[in-house]
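**Student:** Quick one: sequence plus predicted model below, questions after.
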Amino acid sequence: MTKKKNGFWTFCFSLIPGAGEMYMGFMKMGICLMGLFFLPFFCAIQLNMAELLLIDVLVWFYSFFHVHNLRAMDDEEFYALEDTFLFHFSEVQDYSLDSVKKYQKIIGAGLIFWGISLLWRNIWDMAAYLLPDFLRHLVNNVTYRLPQMALAAVIIWLGVVMIRGKREEIYEKNEADRGFLTEALEGRPGEKEE
C-alpha cells in the first residue's frame, strides 16, 4: 500500500531517479524510471558515446519532479493512484510483436553487429600488444569509431524513412483533396452534362 512519507527522506530519495517513487510505495514506477536512467549508461559504454548520457538529464528531472508532484497530491488523489508501469506492455503487446516481425531483419542485423563489436573488443584487448604501435593506434581508432558510425547511419536511415513517410502522407492527402474537389465540381447544382 502506498502512503505519504516523510518530506526529508522523500527529498533525499528523489535525488536518485526511481528511488523516490519506490520509497513512496510505487515500485513499478520506480523500477521503470531507474531502468530508463541507467540504460543510457550501458549504451554509452557499449557504443563509446557520452552524448547518450544527455538522456539521463531528462529522466532525472522528470523523476525528481514526479516524486514531488506525488507528494503534493491531496490525500484522496494520492491513495487512489495506482502503481503502474510507465510503459503499458499489455496494451502494446500485439503491436510490438507485429513491429518485431516487420523489422526482424533490422533488429537481427543490429544484434549481430553488437555481438561482433563485443567479440572484437575482447579479442583485440588480448591481441593488441602483438602489433606495432602505429597499426595498434590505427585499429584502436577504427574500432572506437565504428559503433558510432553505425549508430549515425541508423539515425540517418530513420530520418530518411520518416521524411519519406511524411512525403507519402502529404501526397496521399493531396490526392484525396483533389478527388474530393473534382467530385464537388462535377456535382455542382445548376450544371448540365452534355
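**Tutor:** Sure thing, it's come through. Keep in mind it's a predicted model, so treat the numbers as computed, not measured.

**Student:** Point me to the helix or strand that includes residue 83.
**Tutor:** Following DSSP states H and E, there is no helix or strand that holds residue 83.

**Student:** Where is the longest helix in the protein?
**Tutor:** Identified as the longest helix of the chain according to DSSP state H is helix 133-186.

**Student:** Run through the neighbouring helices and strands of that one.
**Tutor:** With contacts taken as 3 or more C-beta pairs under 8 Å, 6 or more residues apart in numbering; DSSP states H and E, helix 133-186 sits against helix 27-47, helix 104-127. C-beta here means a position set from N, CA and C on the backbone, and glycine is covered the same way.

**Student:** so where is the chain shaky, pLDDT-wise?
**Tutor:** Where the chain drops to pLDDT under 70, the residues are 1-5, 48, 87-100, 171, 177-194.

**Student:** residue nearest the centroid of this protein?
**Tutor:** residue 36 (8.9 Å; C-alpha atoms, centre = their mean).

**Student:** Could you measure from it over to residue 146?
**Tutor:** As judged by C-beta to C-beta, to the nearest Å, residue 36 and residue 146 stand 27 Å apart.

**Student:** Also residue 66?
**Tutor:** Counting by C-beta to C-beta, the gap from residue 66 to residue 146 is 38 Å.

**Student:** before we move on, what about residue 58?
**Tutor:** Remark: distance between residue 58 and residue 146 (C-beta to C-beta) = 27 Å.

**Student:** Name the residue in these two with the higher neighbour count.
**Tutor:** Shown here are residue 58 and residue 146; by other C-beta atoms under 10 Å, residue 146 has more neighbours (16 against 12).

**Student:** Quick check: the gap between residue 166 and residue 158.
**Tutor:** 13 Å.

**Student:** can you check residue 12 too?
**Tutor:** 40 Å.

**Student:** same question, residue 140
**Tutor:** Relative to residue 158, and taking C-beta to C-beta, residue 140 is found at 29 Å.
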